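[1] Output the structure for:
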Amino acid sequence: MSKPPYPQPREDADNAAFLAAWRNGELLIQHCNGCGKSVFYPRPICPHCWSDRLENCRVIGRGKVVSYSLVHRPNDPAFKDEVPIVLAEVALAEGALILARLVSCDAAKVTSGLAVVLPPPDVCARYPLPVFHLADVS
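    Alright, predicted model coming up:
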C-alpha cells in the first residue's frame, strides 16, 4: 500500500506567488511599504498599519526557533509515519514570524533558541509548505 499524498494548500490571489516560489525552493514573505514591517502569512493588507502596499520579498531562510510543539497525533493519514512532527514558530532574520515544520532532526533535541535554515531545494520540493532544518552547530 502506498503512502497517501500530502494535503495541498489552497492557492488564491494572495498566496500564489508564495506557493510558486516555495515549489522552487525559495521562501517569500511580504514587506509592507507603509510601515516597513515584514509580514507572514500572505495577505492583501498589512496587519500592522492596514496598508495595501505589500510586496513579496525573497528571504535568506535563516531564523531561530521561538517555540515549538511535538505533534504525536497527525490530522491527516499522510503524516502517520512521520510522528513526532516538530511544528515550530520561527523568527526569521528579516523579522517575520512563521509557522513551519522542522525536518530531518531528532525531535528530542529541539529547544527554543536553536538556529534554523532552509533545506536544499530538492528537500523543499517534497513539502507543500515551508520546512526548516536545524542549522549546523559544529
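
[2] In the sheet, which strands lie alongside the one helix or strand L70 maps to, parallel or antiparallel?
    Assessed by DSSP states H and E, L70 sits inside strand 62-71. Next to strand 62-71 in the sheet, as set by DSSP bridges, lie strand 85-92 (antiparallel), strand 115-117 (antiparallel).

[3] Out of those, which one sits most buried?
    Compared across the strands paired with strand 62-71, strand 85-92 shows the largest average neighbour count, a mean of 20 (mean count of other CB atoms under 10 Å). Placement of C-beta: from N, CA and C, glycine included.

[4] quick check: mean pLDDT across whichever helix or strand comes after it?
    Downstream of strand 85-92, the next assigned helix or strand under DSSP H and E is strand 97-102. Across strand 97-102, pLDDT averages out at 96.

[5] List the contacts of strand 97-102.
    For strand 97-102, contacts defined as CB atoms under 8 Å, 6 or more residues apart in numbering pick out 29, 40-41, 63, 65-66, 68, 85-92, 110, 116, 127, 129-134.
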